[in-house]
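*Asks:* Here is a sequence together with a model predicted from it:
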Amino acid sequence: PCVNRFAEDYRPHNMSYITGSVYSGLVNARLYCSEKCSPAYEYGYKCGGLLVLGYCGFIYRTAKEKNADKILFFSRDGYILKQIFDSIYKDIPTEYVYWSRSAATKLCADIFPFDYVRRFISHKVNRGITLGEVFDAMELSCEAFSLNPDELLTKANEKRISELIFDNIHVITKAYSKSFDAAEKYLGGIISDSKSIITVDCGWAGSGSIMLDALQSRRYKMNISVTGLLACTNAKDQYDSDYSETYLADGKLIPYCFSSSLNRRYYENHRPSMKHNIYFELLFGAPEPSFRGFSSDGELKFDTESENSELTLQIHNGEKDFISDYLKVAKEAPMLMNISGSDAYAPFAAAISDKKYLSDVFKGAVFDETTAGGKTKI
């Protein structure tokens with residue numbers, strides 16, 4: 001039977017006519033007319049290829065509009081994005097920058113103390129984590145604050161611990177002073193000669209870009225225009241979902257797929273509580289350890305191991321093959337390169353509606369939900 005009729009029920013039904021037709025034709029031909037592929041490769045081909053390609057086009061167009069002289073792809077979500085972007089667009093310099101929520105939050109402890117407490121305390125309440133583990137993640141000592149390292153962080157002591165940190169934020173900031181110097185040296189070598197930069201991340205609150213902007217302007221006095229691009233913003237049911245709304249409103253952050261005012265059906269149906277953020281991030285990840293921050297001697301610190309490396313490589317292989325197939329078609333019809341954020345997200349939206357499919361793809365995969373270095377099965 002005709003493969004397109006046979007596979008029609010398995011393709012997204014809410015894509016635009018032209019992009020949706022080309023997408024479905026390519027996926028049908030690849031998955032039903034070639035050798036059997038792994039679930040991870042299929043996930044990359046079906047859900048990641050169009051998303052990565054479309055996002056790269058969006059990044060390029062925005063960089064041109066903003067007259068950006070450099071594009072920074074944040075680790076680890078920018079790993080595959082930079083590879084694809086550099087293979088297509090040659091006229092804007094790019095950098096792969098080691099950056100993370102944990103590192104940025106420490107560097108901005110006194111600039112955004114609320115976010116510091118939210119990241120290291122509020123997000124870890126009632127998760128069976130001890131104060132010793134919490135303060136280790138902050139690179140601080142419980143004993144310095146007269147706390148019992150074996151005490152669990154719970155709702156009952158959250159307020160006490162939070163107030164202790166707020167009251168001592170300048171002491172904490174002083175403890176990070178050598179890290180500030182190391183970060184200034186690292187970042188200065190990348191952006192100090194720029195006037196306007198674009199930062200690229202997967203999502204969600206855009207804190208990586210917000211904090212980089214605050215550091216370069218308020219701590220390091222570099223005076224560079226920084227615009228952050230996000231594939232997706234915080235979703236409706238996300239903790240502190242409105243965290244970045246002012247930055248989105250004034251254009252400091254620009255979303256591609258959805259936000260509270262863009263493609264709202266995705267904004268409302270994307271559920272972090274159902275691990276949709278994790279499944280999405282794994283379309284972008286890198287086969288390398290997570291970046292943890294800057295040491296006092298100026299070295300970059302990483303996790304000791306890289307999780308899901310083989311899975312990540314298979315997903316990337318699927319994405320690369322889809323992009324190669326799509327570009328062959330787009331060569332004859334350049335309009336196909338204008339991929340909307342709605343179309344780019346649609347295959348992923350279809351995938352997350354099928355729990356069994358996702359469990360087959362991510363069987364055995366792990367993720368660090370609390371950004372504390374602990375890996376748990378998805």
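*Replies:* Right, received. Where do you want to start? Keep in mind it's a predicted model, so treat the numbers as computed, not measured.
*Asks:* What ranges does the stretch 101-250 of the chain have for its helices?
*Replies:* 101-107, 113-120, 131-137, 155-167, 169-175, 177-191, 207-214, 245-249 (DSSP state H, counting those that start in this stretch).
*Asks:* could those helices be laid out in a markdown table, adding mean pLDDT?
*Replies:* Converted to a markdown table, those look like this (pLDDT from 0 to 100):
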| stretch | mean pLDDT |
| --- | --- |
| helix 101-107 | 93 |
| helix 113-120 | 94 |
| helix 131-137 | 95 |
| helix 155-167 | 97 |
| helix 169-175 | 95 |
| helix 177-191 | 95 |
| helix 207-214 | 96 |
| helix 245-249 | 96 |
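*Asks:* For Y357, find the nearest of those.
*Replies:* Closest of those to Y357 is helix 101-107, at 28.6 Å (criterion: C-beta to C-beta). Placement of C-beta: from N, CA and C, glycine included.
*Asks:* show me the biggest helix of this structure in terms of residues.
*Replies:* Looking across the chain with DSSP state H, the single longest helix is helix 309-330.
*Asks:* Buried residues in it, which are they?
*Replies:* Neighbour-count burial for helix 309-330 flags 311-312, 314-323, 325-326, 330 (criterion: 16 or more other C-beta atoms under 10 Å).
*Asks:* Nearest to V226, out of the helices of the stretch 101-250 of the chain?
*Replies:* Going by C-beta to C-beta, the one of those nearest V226 is helix 207-214, 4.0 Å.
*Asks:* what about this protein, any weak spots by pLDDT?
*Replies:* Along the chain, segments meeting pLDDT under 70 span 34, 368-375.
*Asks:* same for the lengthiest strand in it, what does it pack against?
*Replies:* When the chain is parsed with DSSP state E, its longest strand is strand 225-232. With contacts taken as 3 or more C-beta pairs under 8 Å, 6 or more residues apart in numbering; DSSP states H and E, strand 225-232 sits against helix 49-65, strand 196-201, helix 207-214, strand 253-258.
*Asks:* now these in CSV, with mean neighbour count and distance to E288?
*Replies:* Below are these laid out as CSV (neighbours: other C-beta atoms under 10 Å; distance: least, C-beta to C-beta, whole Å):
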stretch, mean neighbour count, distance to E288
helix 49-65, 22, 18
strand 196-201, 25, 16
helix 207-214, 24, 17
strand 253-258, 25, 24
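*Asks:* Please produce TSV containing those, extended by distance to A183.
*Replies:* TSV is the format used below for the helices and strands packed on strand 225-232 (distance: least, C-beta to C-beta, whole Å):
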stretch	distance to A183
helix 49-65	24
strand 196-201	15
helix 207-214	10
strand 253-258	21
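*Asks:* Report the angle between the longest helix of the chain and helix 49-65.
*Replies:* Put simply, helix 309-330 runs at 70 degrees to helix 49-65, going by axes from the mean of the first three to the mean of the last three C-alpha atoms, to 10 degrees.
*Asks:* Out of the helices and strands packed on strand 225-232, the one nearest S87 is which?
*Replies:* Closest approach to S87 among these is made by helix 49-65 (9.1 Å; C-beta to C-beta).
*Asks:* now for that closest one, which elements pack on it?
*Replies:* Where contact means 3+ C-beta pairs under 8 Å, 6+ apart, helix 49-65 is packed against helix 78-88, strand 196-201, strand 225-232, strand 253-258, helix 309-330, helix 341-351.
*Asks:* Which of those sits closest to S38?
*Replies:* Closest to S38 of these is helix 309-330 (C-beta to C-beta; 5.3 Å).
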